[in-house]
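Peer 1: what shape does this take:
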Amino acid sequence: GYEQLPIIQLCGSDISSKHNIAVNSCARLGMNLYALPAHAVPSNPFESESLRRLWQREGVLNSSALLLDCNDLDNEPAQNAAIQRWIENSDYPLIVSSRERRLIGLKHVISFDVRKPTTPEQQQLWRNALGPAAALLNGRVEALVSYFNLDSRTIYSIAAEALQKQTADPNELGRALWEACSNQAHPRLGELAQHIRPMARWDDLVLPETQLQSLHDIARQIRQRLKVYETWGFASKSTRGLGISALFAGVSGTGKTMSAEVLANELGLELYRIDLSQVISKYIGETEKNLRRVFDAAEESSAVLLFDEADALFGKRSEVKDSHDRYANIEVSYLLQRMEEYRGLAILTTNMKEALDQAFLRRIRFVIQFPFPDVHQRSEIWKRAFPSQTPTEGLDVYRLAKLNVTGGNIRNIALHAAFLAADSNEPVRMDHLLRGARVEFAKLEKPLTESEIGGWA
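Peer 2: Predicted structure coming up:
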C-alpha cells in the first residue's frame, strides 16, 4: 500500500530543476504526475479533507503521484496549517517542493537539496543546447555563465530561440543570447521594481578621481568574477561574501543613480530600481518576503539592483526597543545576506551614511561617498548639460557654475530653460536659465543670492 511510502521533499530555489526531477522520477516508475499549487488547498479543514480524499481516489485509479508546490507559499498561518494537515494525512505518493525544509510530523520523509547547475555544468548545458554553434562563439559561452545563473530548462529555451534566428554571423548569435539572458528576470521583476534603461556613459559622470576609480573597480570585479572565483579557486575557500555589493552615499542629485546606469551600461546588464521605503511593510515578516522575491527574480539575469532610500531600512539600532526593531534587524541581516550571495551587482543608496550601523557597513564591499560638486565640477556638469543638437547662445559656464546646486538640479534647470527657449523659438540663453533657476530654487525652498546669479541676464 501507498501508506508505507516516504514523502519526498525537494528543497531549494531552483524550481525548474525540482520540477524536472519529479517528472523524470515518476516517468521511470511508470507513474503519472500531477501538480497542485499549495495555495489551492482549502484552509477549511472539511473542504481540505474532501479534496484530499478525492485526489487519493484519482491517484490510485490512475497510478499517479502528486507534486505539492509550496515554493510561493506565504506566511499565512491558516494556509500553512492546512498544508501541514494535507501532508501529514497523505497516504499516496507525494512529492513536496519548497524553498526551505518543512518539518513534517511523524511521516517518513526523504529530503533532497536541489541547487542550480554549477558553473562547469552550466557551461556544458550551453554547449549541448547550442550544438556546433557553440564552437563559433569564441569564449562567449564562458562569458554567459560568468554573468548569468540559469537552470537547464531556461538555457535550452534561450538557445533554441536564438538558433532559430541565427544568421551566418556568430556575433549576432552571441548578442541574441546575451540579450535573452539579460531580459530573463524582466517579467517577474516588473511588479517589484522600476526598470531603468541605462543611457549614461563614463563621459557623462563628473566625479573626483577616487570615486571614479572605485566605480571602475566595481566593473572590473564583475567582469572577472568567473576567473577569480572559479578558475583561480577563491570560491572554494568560502561561499560567503562572493556577491559584489556597494553603498552609494550622498545627497540627492550627486550622481548615485547615474553611476548605477553607467555600470549597467558598461556591463551590458539590465538595471532595476527598488524603492526600499515601498518594500518595507508594516506587517512583520512581509519585508523579508518582498526582498526574497526581488532577489529570486533577479538571480538568473544578474541584473544590477539599485536599492534606493536605504535609510528606510538601515539605521543605528544598537538598542532593540520593541518587536519591530528586532524584526527590522532581521530584515537588514536578510538583505545583506542576499547581497553577499547575489551573483549580480547590488547597490544601496543613502542620503545619510552617518546614520548607518558600522557593523552593516563592514559587510558591504564598496562604500563610495558622492560629494556635493565644487565650482570646477559644476562647470564640467554645465558643459555636459545640453545635447549637441540643442541650439545655445551666449552661455557663460563660469557664471553658471557659481550656482550652488547638484548635478540633478543643474539638469532640471537646463531642461526647464530648453522648454522655454523652444516655446519662444529661440536658442537657449542665460535669461532662460535664470527663469529655470528661479523655478528650481522655489521648489527647493531656497533663496537665490546675487552672488550666484549676478550677470546672468
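Peer 1: element containing Glu121, please.
Peer 2: helix 119-130 (DSSP states H and E).
Peer 1: what are the buried residues along that helix?
Peer 2: Within helix 119-130, the residues scored as buried using 16 or more other C-beta atoms under 10 Å are Thr119, Gln122, Gln123, Gln124, Leu125, Trp126, Arg127, Ala129, Leu130. (Each C-beta comes from the backbone N, C-alpha and C, glycine too.)
Peer 1: run through who's touching the strand or helix carrying Gln221.
Peer 2: Following DSSP H and E, the helix or strand that holds Gln221 is helix 209-223. Helix 209-223 is touched from outside by 146-147, 202, 205, 207, 228, 244, 246, 259, 262-263, 266-267, 344-345, 365-366, 368-371, with contacts defined as C-beta atoms under 8 Å, 6 or more residues apart in numbering.
Peer 1: let's see that with 6 Å instead.
Peer 2: Ile244, Ala246, Ser259, Leu263, Glu266, Leu267, Leu345, Phe366, Ile368 (C-beta atoms under 6 Å, 6 or more residues apart in numbering).
Peer 1: could you point out which element follows it?
Peer 2: With secondary structure assigned by DSSP H and E, helix 209-223 is succeeded by helix 225.
Peer 1: name the helices or strands packed onto the helix or strand containing Asn290?
Peer 2: Element membership of Asn290 [criterion: DSSP H and E] is helix 286-299. Judged by 3 or more C-beta pairs under 6 Å, 6 or more residues apart in numbering; DSSP states H and E, the packing partners of helix 286-299 are helix 323-341.
Peer 1: and with 7 Å instead?
Peer 2: helix 186-189, helix 276-279, helix 323-341 (3 or more C-beta pairs under 7 Å, 6 or more residues apart in numbering; DSSP states H and E).
Peer 1: how far away is Val332 from Arg363?
Peer 2: 10 Å (C-beta to C-beta, to the nearest Å).
Peer 1: looking at the two, which has the bigger crowd around it?
Peer 2: Val332 (21 against 16; other C-beta atoms under 10 Å).
Peer 1: how about Leu247, secondary structure?
Peer 2: Under DSSP: H, G, I helix; E, B strand; the rest coil, the three-state class of Leu247 is strand.
Peer 1: what's around it, how many residues?
Peer 2: 24.
Peer 1: hey, what's it bridged with?
Peer 2: Leu348, Val367 (DSSP bridges).
Peer 1: for it, list the residues it contacts.
Peer 2: Residues counted as contacts of Leu247 (C-beta atoms under 7 Å, 6 or more residues apart in numbering) are Leu348, Thr350, Leu361, Ile364, Val367.
Peer 1: rerun at 6 Å
Peer 2: Leu348, Ile364, Val367.
Peer 1: cool, His432 as well?
Peer 2: His432 neighbours (C-beta under 6 Å, 6+ apart): Ala417, Leu420, Ala421.
Peer 1: which ones are touching Val304?
Peer 2: With C-beta under 6 Å, 6+ apart, Val304 has these contacts: Ala264, Leu269, Leu271, Leu345.
Peer 1: one step back: can you lay out the helices and strands packed on helix 286-299 as JSON lines showing distance to Thr390 and mean pLDDT?
Peer 2: Converted to JSON lines, these look like this (distance: least, C-beta to C-beta, whole Å; pLDDT from 0 to 100):
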{"stretch": "helix 186-189", "distance to Thr390": "32", "mean pLDDT": "78"}
{"stretch": "helix 276-279", "distance to Thr390": "35", "mean pLDDT": "78"}
{"stretch": "helix 323-341", "distance to Thr390": "40", "mean pLDDT": "73"}
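Peer 1: now those helices as CSV including distance to Asn80?
Peer 2: Listed next are the helices and strands packed on helix 286-299 as CSV, based on distance: least, C-beta to C-beta, whole Å:
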stretch, distance to Asn80
helix 186-189, 24
helix 276-279, 23
helix 323-341, 19
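Peer 1: let me know which of these is the nearest to Asn32.
Peer 2: helix 186-189 (29.1 Å; C-beta to C-beta).
Peer 1: what comes up buried for the closest one?
Peer 2: Within helix 186-189, judged by 16+ other C-beta under 10 Å, the buried ones are His186, Arg188, Leu189.
Peer 1: what comes into contact with it?
Peer 2: Tyr272, Ala297.
Peer 1: try 10 Å this time
Peer 2: 193, 195, 270, 272, 274, 293-294, 296-298, 300-301, 303, 305 (C-beta atoms under 10 Å, 6 or more residues apart in numbering).
Peer 1: so what strands line up beside the next helix-or-strand element following that helix?
Peer 2: Next along the chain after helix 186-189, taking DSSP H and E as the criterion, comes strand 194-196. Strand 194-196 has the following strand partners under DSSP bridges: strand 271-275 (antiparallel).
Peer 1: can you give me the buried ones in the strand it pairs with?
Peer 2: Leu271, Tyr272, Arg273, Ile274.
Peer 1: of all these, which comes closest to Asn409?
Peer 2: Arg273 (19.9 Å).
Peer 1: ok, the closest one to Thr350 distance?
Peer 2: Arg273 is 14 Å from Thr350, by C-beta to C-beta.
Peer 1: show me the shaky parts of the protein.
Peer 2: 1-4, 74-75, 166-168, 238-241, 282-284, 314-329, 355 (pLDDT under 70).
Peer 1: one more time with 50, if that's ok
Peer 2: Along the chain, segments meeting pLDDT under 50 span 316-320, 322-324, 327.
Peer 1: where exactly do the strands run in it?
Peer 2: 7-11, 32-37, 64-69, 94-98, 109-113, 194-196, 244-249, 271-275, 304-308, 345-350, 366-369 (DSSP state E).
Peer 1: Asn80 and Leu103 touch, don't they?
Peer 2: No: contact criterion C-beta atoms under 10 Å: Asn80 and Leu103 do not qualify, at 11.1 Å.
Peer 1: more neighbours: those two, which one.
Peer 2: Remark: of Asn80 and Leu103, Asn80 carries more neighbours, 16 against 6, as counted by other C-beta under 10 Å.
Peer 1: turn the buried residues of helix 186-189 into a markdown table, including distance to Ala442.
Peer 2: Output for the buried residues of helix 186-189, formatted as a markdown table (distance: C-beta to C-beta, whole Å):
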| residue | distance to Ala442 |
| --- | --- |
| His186 | 39 |
| Arg188 | 41 |
| Leu189 | 37 |
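Peer 1: with those residues in mind, which one is nearest to Asn425?
Peer 2: Nearest to Asn425 among the buried residues of helix 186-189, with distances taken as C-beta to C-beta, is His186, at 40.8 Å.
Peer 1: ok, now how distant is that closest one from Glu179?
Peer 2: Relative to Glu179, and taking C-beta to C-beta, His186 is found at 11 Å.
Peer 1: Asp113 too?
Peer 2: 32 Å.
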